[in-house]
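Sequence and predicted structure below; questions after.
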Amino acid sequence: MGHQAGQMLLPLGLLFAALSLGSCIPLQRAPGRSKLLLDVDTPNLDTMAADGVKAKYMSPAFITLTSPCHFTLLTGRYLENHGVIHNMWFDTKTGVKLPYYTTQGISSWWDNGSLPIWITAQRQGLKTGSIHFPGTKAKYQKEEVYKKLVEPALFNYSNETNWRQSIDTVMEWFTADNLDFITLYFGEPDSSGHKFGPESTQRKNMIAQVDRTVGYLRQRIRESGLESKLNLIITSDHGMETVLKTDEIHLRTVSNFTFKDIDFELLDYGPNGLLVPKEGKLEHVYSVLKSAHPKLHVYKKEEFPKRFHYANHSRITPLLLYSDPGYVIHGRYKVQFNKGEHGFDNEAMNMKTIFRAVGPAFKKGLEVEPFESVNVYALLCELLSITPEPHDGSLEVTKPMLREPTDGHGLG
Ligand SMILES: *[C@@H]1O[C@H](CO)[C@@H](O)[C@H](O)[C@H]1NC(C)=O
Ligand SMILES: *[C@@H]1O[C@H](CO)[C@@H](O)[C@H](O)[C@H]1NC(C)=O
Ligand SMILES: *[C@@H]1O[C@H](CO)[C@@H](O)[C@H](O)[C@H]1NC(C)=O
Ligand SMILES: *[C@@H]1O[C@H](CO)[C@@H](O)[C@H](O)[C@H]1NC(C)=O
Ligand SMILES: *[C@@H]1O[C@H](CO)[C@@H](O)[C@H](O)[C@H]1NC(C)=O
Ligand SMILES: [Zn+2]
């Protein structure tokens, strides 16, 4: 997310997780919108779909931000149940807010009651690794991913040479170090989507780069002798929407609203906002903001629509804001200049993302109906033959993708 006046780098994009299992399985995730993918020639992704399984699309969790949505993939839980409710760590008492990269290093933000699959797999005897994947840097109940690469604070997420080096590292970890499961993340086409917009040439070029990278990855899997053992999933955390620059939502200009009534605010981060009104001011702030703009939605925490599975967590503030696709929420000043954004309603088609899987566990040439990203976790646990932690998804949703019998994995 490149918001917050440019203090954060854009992550996001493609994340791919490789996982191996009794037979081995990599799993990978690419971001991007499937609609956009159709506008770009993607021969390698097409071949992967023909060799494996493709979903019409996948629905991310809400809010559609990088760290929260990746943690849903890793835990199978909605945001209100895993607690990683924003890309930014914050403290409503002191007003301190930390950007994306810094938040990666704050274990207490991530380790809020849900264990990511890496730790669960390691507790059940497997070896896991992760490269640049959100949540990699944190410790969970004092445990961490066995092999990890964490990007430096100033990192170029677009460098194709670097992507190929990461893939070579993944292959080495699978072969020389005998890892069972690896997650790998690429921050594109998110980065170019923010900067230039989802319909831009730059983003289309980045999708072509993602496609070449998928080709390289599958080639390296073959060369490493892992093709019959490794399952690969490519998916991502969310899509991208063009930001509208007219009829903008700007809270400072709302009549009868004043920041003097606010104790804590997390605004200027795309279409999402969190507010703590001063004592006795909640009703007033709520009523003036509620009718401020037709594209702005304002809720008291208890009344936030349940379908988002977002607000029922102690980290959520008394008032929540979100805006309709295309509209971002400006606070005191206008500091958001991205051409593309996400964070929107996960029912919006432009927030949907892709899901592709290939490998010995998956059927060939199958297209499946759309499903929610909370269900990916159960699939991963099945592929790894591990017992899942409590989660919000179901294996039943993805089971039709698997070759039968599915109970033989890892057990011979
Ligand atoms: C989650 O974090 C909040 C503070 O942000 C804390 O009050 C709560 O106890 C944590 N829950 C767990 C299970 O770690
Ligand atoms: C990132 O690296 C690519 C080359 O791989 C280069 O074209 C691009 O300009 C770099 N971006 C930045 C911001 O340095
Ligand atoms: C791209 O990455 C490679 C390998 O990490 C590095 O040698 C090169 O300098 C990078 N290029 C840019 C433009 O950052
Ligand atoms: C603002 O407050 C004044 C005085 O309470 C009231 O008359 C007016 O209708 C309010 N305007 C809006 C837009 O709420
Ligand atoms: C809210 O979360 C608590 C646990 O933190 C749970 O007991 C309760 O059932 C949840 N309420 C709803 C409406 O989901
Ligand atoms: Zn982003």
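Structure received. Residues are numbered from 1 along each chain as shown. Ligands and ions are numbered 1, 2, ... in the order given.

What parts of the protein come near ligand 2?
156, 158-160 (C-beta under 6 Å from any ligand atom). In this view, the C-beta of every residue, glycine as well, is placed from N, C-alpha and C.

Excluding covalently adjacent residues, which one is nearest to the residue in the stretch 251-400 of the chain that ligand 4 sits nearest to?
Closest approach of the stretch 251-400 of the chain to ligand 4 (C-beta to the nearest ligand atom) occurs at Asn256, with a separation of 3.7 Å. Nearest residue to Asn256 in three dimensions, chain neighbours excluded: Val288, at 4.5 Å (C-beta to C-beta, 6 or more residues apart in numbering).

isn't there a helix covering that neighbour?
Yes: counting by DSSP: H, G, I helix; E, B strand; the rest coil, Val288 is part of a helix.

picking up where we left off before, can you redo the residues of the chain next to ligand 2 as CSV, where the extra columns are neighbour count and distance to Leu282?
Converted to CSV, the residues of the chain next to ligand 2 look like this (neighbours: other C-beta atoms under 10 Å; distance: C-beta to C-beta, whole Å):
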residue, neighbour count, distance to Leu282
Asn156, 11, 44
Ser158, 19, 43
Asn159, 14, 47
Glu160, 15, 50
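
how much space between the residue nearest to Asn256 and ligand 6?
30 Å (C-beta to the ion, to the nearest Å).

Then Met401?
Taking C-beta to the ion, one finds Met401 at 28 Å from ligand 6.

how about the helices in the stretch 51-200 of the chain?
In the stretch 51-200 of the chain, the helices defined using DSSP state H, counting those that start in this stretch lie at 66-75, 79-82, 100-104, 107-110, 117-123, 160-175, 190-196.

Quick check: buried residues in the fifth one?
If I follow you right, that is helix 117-123. Buried residues in helix 117-123, counted by 16 or more other C-beta atoms under 10 Å: 117-122.

hmm, stretch 95-102 touching ligand 1?
No: applying C-beta under 6 Å from any ligand atom, one finds stretch 95-102 separated from ligand 1 by no less than 12.6 Å.

and that stretch, average pLDDT?
Throughout stretch 95-102, pLDDT has a mean value of 97.

Please see if it touches ligand 6.
No: judged by C-beta under 5 Å from the ion, stretch 95-102 makes no contact with ligand 6; its nearest approach is 8.9 Å.

For the residue of the stretch 101-250 of the chain found nearest ligand 1, which non-adjacent residue is spatially closest?
Ligand 1 sits closest to Gly113 of the stretch 101-250 of the chain, with a gap of 3.3 Å, by C-beta to the nearest ligand atom. Leaving out its chain neighbours, the residue that sits closest to Gly113 by C-beta to C-beta, 6+ apart is Gly83, at 6.0 Å.

From Lys204, how far off is Phe186?
Taking C-beta to C-beta, to the nearest Å as the measure, Phe186 falls 16 Å from Lys204.

who's more crowded, these two?
Phe186 (33 against 19; other C-beta atoms under 10 Å).

so the more buried one touches Asn156, yeah?
No: counting by C-beta atoms under 8 Å, Phe186 stays clear of Asn156, with 11.4 Å between them.

deepest of the helices of the stretch 51-200 of the chain, which one?
helix 66-75 (a mean of 28; mean count of other C-beta atoms under 10 Å).

any residues touching stretch 335-343, and which ones?
When contacts are defined by C-beta atoms under 8 Å, 6 or more residues apart in numbering, stretch 335-343 is touched by residues 1-5, 63-65, 190, 193-198, 200, 203, 238-243, 268-272, 322, 328, 330, 351.

Stretch 183-192 near ligand 6 at all?
Yes: under the criterion of C-beta under 5 Å from the ion, stretch 183-192 makes contact with ligand 6 via Asp190.

next one: that stretch to chain centre, how far?
10 Å (C-alpha atoms, centre = their mean, to the nearest Å).

hey, C-alpha coordinates of it in CSV?
The C-alpha trace of stretch 183-192 is given here as CSV (Å, rounded to 0.1, in the frame of the first residue of the first chain):
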residue,chain,number,x,y,z
THR,A,183,5.5,-19.5,1.0
LEU,A,184,6.9,-16.9,-1.4
TYR,A,185,5.5,-13.4,-2.0
PHE,A,186,6.0,-10.9,-4.8
GLY,A,187,4.9,-7.3,-4.3
GLU,A,188,3.6,-7.0,-7.9
PRO,A,189,1.4,-6.2,-9.7
ASP,A,190,0.2,-4.4,-6.5
SER,A,191,2.9,-1.8,-6.5
SER,A,192,2.5,-0.7,-10.2
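
what pLDDT, on average, does that stretch get?
Averaging pLDDT along stretch 183-192 gives 93.

is any part of it close to ligand 3?
No: contact of stretch 183-192 with ligand 3 (C-beta under 6 Å from any ligand atom) is absent, the minimum separation being 12.9 Å.

which residues in the stretch 251-400 of the chain form strands?
262-269, 272-277, 296-300, 319-323, 329-330, 340-341, 355-358, 366-368, 371-372 (DSSP state E, counting those that start in this stretch).

Could I get the buried residue list for stretch 346-355?
Buried, per 16+ other C-beta under 10 Å, within stretch 346-355: 346, 348, 350-355.

one step back: could I get the buried residues of helix 117-123 in a markdown table, plus columns for distance to Phe264 and pLDDT?
Shown next, in a markdown table, are the buried residues of helix 117-123 (distance: C-beta to C-beta, whole Å; pLDDT from 0 to 100):
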| residue | distance to Phe264 | pLDDT |
| --- | --- | --- |
| Ile117 | 33 | 97 |
| Trp118 | 33 | 97 |
| Ile119 | 32 | 98 |
| Thr120 | 34 | 98 |
| Ala121 | 37 | 96 |
| Gln122 | 37 | 97 |
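
of these, closest to Ala50?
Nearest to Ala50 among those, counting by C-beta to C-beta, is Ile117 at 28.0 Å.

if I pick that closest one, what's in contact with it?
So Ile117 contacts 74-75, 128, 181, 377, 380-381, 384, 386 (C-beta under 8 Å, 6+ apart).

any idea how far Lys281 is from ligand 3?
Lys281 sits 49 Å away from ligand 3, going by C-beta to the nearest ligand atom, to the nearest Å.
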